[in-house]
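# got a structure for you, letters missing:
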């Protein structure tokens, strides 16, 4: 079968501005958006064809996830991409990763008990924990963007009952190593804590790094871990509302079975698109990974030329670049002067919690020309 080639480098700006998603409608037309985690690349052909077929059949009713092949499709994808053998019977569909996490918090810890997060980290974690009536326990990453395992152990010893693991990490783009994850599983098992592993960016792990699914690292991890992931970030279908919760032990499976019905009701088009992505999206994904690898290296050159003094460690996964602007005189939240002066919308570093001061997050999941336009605009303005 011939491999379809996707145009990932020449994406007309006027075409992007016709989109109605958050990235392209949140700001006036003179602002270049590079904030929210949406990619600008064309959809994978199998995903687009599956959605078109559904629309042509007027097939826009309720999802019937238990009767769908979504679990088998994900299991095949996990095996091909990660060497992870998933039991489809331990795959449960949910609305989205954050919604699944929020629902699980009610089951893994009692009211007032601690939930560990590792700032700077994906900002919804800061809200879903207190919303659940649990206590937020912040254990910041080390300076190199790694898990502070000793501090996590102390948090569990002090009574924290679970941790939300962001792997690969957002916004730093770091990928935890197998030894780190093995030790994390030991710590959780020793203290009777759960690890809720958000692995939504895992398929976007780039050359030079290896993603290890948490449930695949050890027997301890399979007992104390629950994985949440989705095709949404990888295949740019977040608006369709579908994710999966994966378990690997009877104990974890029984816990997930206690989720309320509303937490296991994905969008029908999301199920259709996710199944197509998991089954037939590999060629598209391989090309996107090559483009993201190019873009992260391009960004390094552009920053050196246009923003000397900015700190940047190339992400090991994903399309979100974490940039230290603390030496550029832009204050604690560089996103504000960047927006005001350069008319580029980036994500606010302080919004990701401790360690985010003086930083901003830049979306590079787009054409090289738009990455260059964003960096040049910022450089010229400041």
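The structure has been received and is ready for your questions. Note that the structure is predicted; figures quoted are calculated from it, not measured.
# any idea how far residue 180 is from residue 204?
19 Å (Cβ to Cβ, to the nearest Å). No exception for glycine: its C-beta is placed from N, CA and C like everyone else's.
# Give me the more crowded residue out of those two.
residue 204 (23 against 17; other Cβ atoms under 10 Å).
# Now do the contacts for the more buried one.
Contacts for residue 204 (Cβ atoms under 8 Å, 6 or more residues apart in numbering) come out as 168, 233, 234, 288, 289, 292, 317, 318, 319.
# ok, which pair from the residues you listed is furthest apart?
168 and 288 (15.1 Å; Cβ to Cβ).
# and residue 382, what pLDDT?
We have a pLDDT of 88 for residue 382.
# What is the end-to-end distance of stretch 104-120?
Length of stretch 104-120, first residue to last, Cα to Cα, to the nearest Å: 22 Å.
# Please compute how far that stretch lies from its chain's middle.
19 Å (Cα atoms, centre = their mean, to the nearest Å).
# how about it: buried residues?
104-109, 113-120 (16 or more other Cβ atoms under 10 Å).
# now stretch 176-183
Residues 176, 180, 181, 182, 183 are the ones in stretch 176-183 that count as buried (16+ other Cβ under 10 Å).
# out of those residues, which one sits closest to residue 347?
Using Cβ to Cβ, the buried residues of stretch 176-183 come closest to residue 347 at residue 176, 21.8 Å.
# In three-state terms, label residue 60 for me.
The three-state assignment at residue 60 reads coil, by DSSP: H, G, I helix; E, B strand; the rest coil.
# which strands and helices sit next to the longest helix seen in the chain?
In the chain, taking DSSP state H as the definition, the longest helix is helix 282-306. The contact analysis (3 or more Cβ pairs under 8 Å, 6 or more residues apart in numbering; DSSP states H and E) places helix 282-306 against helix 45-56, helix 232-235, strand 311-312, strand 320-324, helix 368-381.
# Counting neighbours, which bits of the longest one end up buried?
Buried residues in helix 368-381, defined by neighbour count with 16+ other Cβ under 10 Å: 368, 370, 371, 372, 373, 374, 375, 376, 377, 378, 379.
# mind putting the buried residues of stretch 176-183 in JSON lines, distance to residue 35 included?
Shown next, in JSON lines, are those (distance: Cβ to Cβ, whole Å):
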{"residue": "176", "distance to residue 35": "25"}
{"residue": "180", "distance to residue 35": "29"}
{"residue": "181", "distance to residue 35": "30"}
{"residue": "182", "distance to residue 35": "35"}
{"residue": "183", "distance to residue 35": "34"}
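# Which members of the buried residues of stretch 104-120 define the maximum pairwise distance?
Maximum distance among the buried residues of stretch 104-120 (Cβ to Cβ): 27.0 Å, for 107 and 120.
# For this protein, give me the ranges with low pLDDT.
Applying pLDDT under 70 to the chain flags residues 1-2, 65-67.
# closest to residue 226 among the buried residues of helix 368-381?
Nearest member of the buried residues of helix 368-381 to residue 226, counting by Cβ to Cβ, is residue 371, at 35.4 Å.
# The closest residue to the closest one other than its chain neighbours - how many residues pack around it?
Among residues not flanking residue 371 along the chain, residue 364 sits closest, at 5.2 Å (Cβ to Cβ, 6 or more residues apart in numbering). Residues within reach of residue 364, counting by other Cβ under 10 Å, total 25.
# quick one: residue 364 from residue 250, how far?
42 Å.
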